[in-house]
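>>> from the sequence below, what's the structure:
(2 chains)
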Amino acid sequence: MGLNQDIEVRARPDRRSTKTARAFYGLLAATFVALSTTGARALDPGEMFDDPSKEARAREIGRELRCLVCQNQSIFDSNAGLAKDLRIVVRERMEAGDSNEDVLEYVRSRFGDYVLLEPPVSGQTYLLWLAPAGFIALGGLLMLTYLKNRRKPGAPLPEMTQAEHEEARRLLGEET
Amino acid sequence: MIVELGHFALCLALIASLVQATVPLWGTATGSPAAMKTADTAAQIQFFGTAAAFAALTWAFVVSDFSVMTVAANSHSSKPMIYKISGVWANHEGSMLLWVLMLSLFGVLISVFGGVIPVVMRATVLAVQAMIGIGFYLFILLTSNPFERLANAPIDGQGMNPLLQDPGVAFHPPLLYLGYVGFSTAFSFAVAALITGRVDPAWARWMRPWVLLAWSGLTAGIALGSWWAYYELGWGGFWFWDPVENASFMPWLIGTALLHSAIVVEKRNALLKWTILLAILTFSLSLIGTFLVRSGILTSVHAFATDPERGVFILLLLCIAIGGALTLYAWRAPRLFDGGVFATYSRETGLLLNNLLLAAACGVVFVGTLYPLFLELWNGSKISVGAPYFNKTFLPIFGVTMLIAGIGPFMAWKRANRQDVIRRTALTTGISVVLTASLALWFGLADMVGLLGAFIATFLATATLLDFGRRIGLPQASPLVALRRAIGLPASAYGLYLGHTGLAIAAAGVIAVSVWSTEVIQTTAPGQPVAVGPYEFTLRDVRSGNGPNFQTTFASVDVTREGTLVTTLKPERRFYPVERQPTTEAGIVTLWHGDLYAVLGDANGAGGYVTRYYYNPGVPWMWAGALLITLSALISLVDRRLRIGAPAPRKLAAQPAE
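Numbering: from 1, shown residues only, chains lettered A, B, ... in the order given. Here you go, the predicted model:
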């Protein structure tokens, strides 16, 4: 959580109160608070490329990498010192001629999968990546079964059993 | 003394909810109308209790009574009055009190306006509502008591996070809770339906207004939170796929499905079991959202251990409520039978498909949000699931949902004319392709995803407009006849058209800002112009001043277009000495097509400042779209068919002229 968390903790020596305050954002975004407000400083003019297409590429990569000390932010959005260091690493690798994938792989090999905001497909993320197709397939199957088995308009009503016929006759007052 | 009265009132509410949860059910079992009617009285006492407790806590905040622990930890005497009041719910204890206040408010509204609901159903609904209440009253009184006193009151409070000292965020939690807690009514109606065995169009008609109200509040609450992030966090982002955002988005997605499937129950007496399941799931996701956020399990896995009492308590509540309801469902639902029949080509199938897609979209958000947590619990490995994952998985599903939302209204109930639906879909597709292509040529849009998004948004807008035109008899009818028909359309039809148009407009805004926004960051000296898209931003001067409880540095940034002054932006940097925290207030001016947005950064020591300038096209459309969606639900709510208590014609009392 870096610098801003430090500020927060210093301002509120009572850990519990830090937590209670944070709980509220409740539905807002606890993270935003930890990242704090100095988003304006996230990207420094000094670190930017002059070439706009190169700069755009650097940002594209930056959006794929997680700031390791923040809650859930890309290094492009973050203002933490570590995010800035990583942005500089990205730019250095780009200068060295790396492709986008090379840069991501370079960072991943040092910090692990955790640093990638898009988790790589692997044995432990199969379920994650199959989930969307799985939900659609399962839902589609259930829906088709439902549509197939439901009574259609104009379909004949189910046949009455012998017992039901007798019950009907009795109700209608007929002799059996 | 007032604080102790508040504490007492909260205990009273607990007792009332204990009565409300038991006596009415005993009444329905023994057929005693008097016992069933207790539910209404108990609901009113319960609301009185929570309202009094809330008022007492508000009073403690207003007069800055720092002998109350919550006030001391979250308020400060120098805060402006509005933030002393919003500070009541800007902390854990107070926000839980707001939660039960909303819960008992819905209870009392059902008891007062639910006159049309048969007494057996109403008593059961209120009893279930009270059971939820008991859990949360116990949670507050046992683990998060807002009325706890400090033995030694501090001289002043610790203040409130300056980020939250903002008008937008002051009203965000109440609206969000209106949604979250409002879905408890759907849950109660579903459980009551399972208990009484009565599910029919009338049941859906009793339930739907509450769902509409809750959904409307949740929509507004999410939009307000997103808006706040956009202007307060200072980098122009509005949605981050953050776990806490997802926690509020999941009930919205499933709630949207519920809203639509309840129409099928109401009009066609079909999809009964599915609707009940959705009602249970919607509130379950609200509860899960509350748990995820309150326990801190998502913010940080370690925060869970620091205060396990609360997390475990909510987890327990969660298991009882969700597990209980689903068990009841598994036991009773097989006995329910769908009455309505419909052809495969029909509005019913369209809505079923909408439900399937929305549920899948919600499932994706659910898995993406919780996967890292479960993976870490399972084998300890840490991964991140961020925006790139959700963009790849959620957006395609939601895109198709929007197309279905366009086509669905073309299909008639029960049995649609297949040729007619295909013809109208083809016409809509043709118009949207032409519109998208001209847009692409005009503004130079080459991005594939952007083009697809633009097509989907235009498709939905075109389809909705065409359907509206046809509904009022255009193009054959004369304008006068069409106008008369437009006036005669039921409010729920306007709900549909406004809601879908709002979605199309909001989507168009999201696409526009992601494709065309311009951002420039630089160090500028005053007087130095910077080109931002078609505009030119010039920093004029930077001054300092003092706010009520902060120090501020504010700049004037002139914006010109082709030499003419468009507006002046006033970005600000504030420092709150009590909390020792800075905030950024972006300078924003909204034009019909987009926002001009400036953020003031650090001084470079040589008279220059780091400045970030943006031109964000489409952003106002997002907010306008969200507003339309919110209003659409409220408009549906006034539909005569749904109006609570409508069947009894109101007596027109002679009112003296004023």
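>>> can you tell me the SS state at B:W241?
Look at B:W241: counting by DSSP: H, G, I helix; E, B strand; the rest coil, its state is coil.
>>> spit out the contact partners of it.
Residues near B:W241 by Cβ atoms under 8 Å, 6 or more residues apart in numbering or on different chains: B:368, B:386-387, B:389-390. (Each C-beta comes from the backbone N, C-alpha and C, glycine too.)
>>> how about a cut-off of 7 Å?
Going by Cβ atoms under 7 Å, 6 or more residues apart in numbering or on different chains, B:W241 touches B:386-387, B:390.
>>> from those residues, pick the one nearest chain A.
Using Cβ to the nearest Cβ, B:G386 is the member of these that sits closest to chain A, with 3.0 Å.
>>> biggest helix in chain A, by residue count?
In chain A, taking DSSP state H as the definition, the longest helix is helix A:126-149.
>>> ok so, going back, between the contacts of B:W241, which is nearest B:P243?
Taking Cβ to Cβ as the measure, B:P243 lies nearest B:G386 of the contacts of B:W241, at 10.3 Å.
>>> need phi/psi at B:T524.
Taking degrees, to the nearest 10, you get phi -120, psi 150 for the backbone angles of B:T524.
>>> beta partners of it?
Beta-bridge partners recorded for B:T524 (DSSP bridges): B:Y609.
>>> again, but for the one 5 residues further on
For B:P529, the beta-bridge partners are B:T538 (DSSP bridges).
>>> tell me how many other residues crowd it.
The number of residues packed near B:P529 is 12, by other Cβ atoms under 10 Å in any protein chain shown.
>>> give the rounded mean pLDDT of whichever helix or strand B:F189 is part of.
Counting by DSSP states H and E, the element that carries B:F189 is helix B:172-196. Mean pLDDT, helix B:172-196: 93.
>>> helix or strand right after that helix?
Sequence-wise, the next helix or strand downstream of helix B:172-196 (DSSP H and E) is helix B:201-232.
>>> which secondary structure elements does that next one contact?
Under the contact definition 3 or more Cβ pairs under 7 Å, 6 or more residues apart in numbering or on different chains; DSSP states H and E, helix B:201-232 sits against helix B:167-170, helix B:172-196, helix B:243-268, helix B:619-637.
>>> just the angle between it and helix B:172-196, please?
Interaxial angle, helix B:201-232 versus helix B:172-196 (axes from the mean of the first three to the mean of the last three Cα atoms, to 10 degrees): 160 degrees.
>>> give the buried residues for helix B:201-232.
Going by neighbour count (16 or more other Cβ atoms under 10 Å in any protein chain shown), the buried part of helix B:201-232 is B:201-232.
>>> cool, stretch B:619-634 as well?
For stretch B:619-634, by 16+ other Cβ under 10 Å, it's B:619-623, B:625-634.
>>> run through who's touching it.
Here stretch B:619-634 makes contact (Cβ under 7 Å, 6+ apart) with B:212, B:215-216, B:219-220, B:223, B:227, B:495, B:498-499, B:501-503, B:505-506, B:508-510, B:512-513, B:590, B:592, B:594-595.
>>> how about stretch A:46-56?
Applying Cβ under 7 Å, 6+ apart, the contact partners of stretch A:46-56 are A:58, A:87-88, A:91, A:94, B:521.
>>> ok, so of those residues, who is nearest B:A56?
For the contacts of stretch A:46-56, with B:A56 as the reference and Cβ to Cβ as the criterion, the closest is B:I521, at 48.9 Å.
>>> list phi and psi for residue 161.
Going with chain A. Here is the backbone geometry of A:T161 (degrees, to the nearest 10): phi -80, psi 170.
>>> let's do chain B instead
Torsion angles at B:N161 (phi, psi; degrees, to the nearest 10) stand at phi -50, psi 120.
>>> mind checking how far it is from chain A?
Going from B:N161 to chain A by Cβ to the nearest Cβ, to the nearest Å gives 6 Å.
>>> so which of the contacts of B:W241 wins on neighbours?
B:G386 (24 neighbours).
>>> buried residues, the longest helix of chain A. List them.
Result for helix A:126-149 [16+ other Cβ under 10 Å]: buried residues A:128-129, A:131-132, A:135-136, A:139, A:143.
>>> before we move on, the earlier item: which of the contacts of stretch A:46-56 count as buried?
Burial of the contacts of stretch A:46-56 was assessed by neighbour count (16+ other Cβ under 10 Å); the buried members are A:58, A:87, A:91, A:94, B:521.
>>> where in the chain is the helix or strand with the lowest mean pLDDT?
The chain I'm using is chain A. Taking mean pLDDT, DSSP states H and E as the measure, the helix or strand of chain A with the lowest value is helix A:2-11, at a mean of 33.
>>> nope, chain B please
helix B:303-306 (a mean of 40).
>>> coming back round to it: out of the helices and strands packed on helix B:201-232, which is closest to A:V121?
A:V121 lies closest to helix B:243-268 among the helices and strands packed on helix B:201-232, at 21.5 Å (Cβ to Cβ).
>>> and residue 134, what does it touch?
No chain was given, so I picked chain A. By Cβ under 7 Å, 6+ apart, no residues touch A:G134.
>>> try again with chain B
Taking Cβ under 7 Å, 6+ apart, one finds B:14, B:17-18, B:21 in contact with B:I134.
>>> now do the buried residues in the strand or helix carrying it.
Using DSSP H and E, B:I134 falls within helix B:119-143. Neighbour counts over helix B:119-143 (16+ other Cβ under 10 Å) mark B:119-137, B:139-141, B:143 as buried.
>>> swap in stretch B:24-44?
Using 16+ other Cβ under 10 Å as the test for burial, stretch B:24-44 gives B:24-25, B:27-28, B:35-40, B:42-44.
>>> what average pLDDT does it get?
When pLDDT is averaged along stretch B:24-44, the result is 94.
>>> could I get the CA-only coordinates of that stretch as PDB?
Written as PDB, here are the backbone C-alpha positions of stretch B:24-44 (Å, rounded to 0.1, in the frame of the first residue of the first chain):
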ATOM      1  CA  PRO B  24     -47.600 -14.000  12.500                       C
ATOM      2  CA  LEU B  25     -46.300 -17.400  11.400                       C
ATOM      3  CA  TRP B  26     -48.100 -19.000  14.400                       C
ATOM      4  CA  GLY B  27     -51.200 -17.000  13.200                       C
ATOM      5  CA  THR B  28     -51.000 -18.400   9.700                       C
ATOM      6  CA  ALA B  29     -50.600 -21.900  11.100                       C
ATOM      7  CA  THR B  30     -53.600 -21.600  13.400                       C
ATOM      8  CA  GLY B  31     -55.600 -19.300  11.200                       C
ATOM      9  CA  SER B  32     -55.800 -16.500  13.700                       C
ATOM     10  CA  PRO B  33     -56.200 -13.200  11.900                       C
ATOM     11  CA  ALA B  34     -55.300 -11.200  15.000                       C
ATOM     12  CA  ALA B  35     -52.000 -13.000  15.300                       C
ATOM     13  CA  MET B  36     -51.300 -12.400  11.600                       C
ATOM     14  CA  LYS B  37     -52.100  -8.700  11.900                       C
ATOM     15  CA  THR B  38     -49.400  -8.400  14.700                       C
ATOM     16  CA  ALA B  39     -47.000  -8.400  11.800                       C
ATOM     17  CA  ASP B  40     -48.100  -4.900  10.700                       C
ATOM     18  CA  THR B  41     -47.900  -3.400  14.200                       C
ATOM     19  CA  ALA B  42     -44.600  -5.100  14.900                       C
ATOM     20  CA  ALA B  43     -43.100  -3.700  11.600                       C
ATOM     21  CA  GLN B  44     -44.200  -0.200  12.600                       C
END
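>>> what residues does that stretch touch?
Where contact means Cβ under 7 Å, 6+ apart, the residues beyond stretch B:24-44 that reach it are B:16, B:19-20, B:23, B:107-108, B:111, B:119-120, B:122-124, B:126-127, B:130.
>>> just those now: which is nearest B:F240?
Set against B:F240, the nearest of the contacts of stretch B:24-44 by Cβ to Cβ is B:G107 (35.0 Å).
>>> that closest one should be in a helix, yeah?
Yes - counting by three-state DSSP, B:G107 is part of a helix.
>>> for B:G499, which non-adjacent residue is spatially closest?
Spatial nearest neighbour of B:G499, excluding adjacent residues (Cβ to Cβ, 6 or more residues apart in numbering or on different chains): B:S632 at 3.5 Å.
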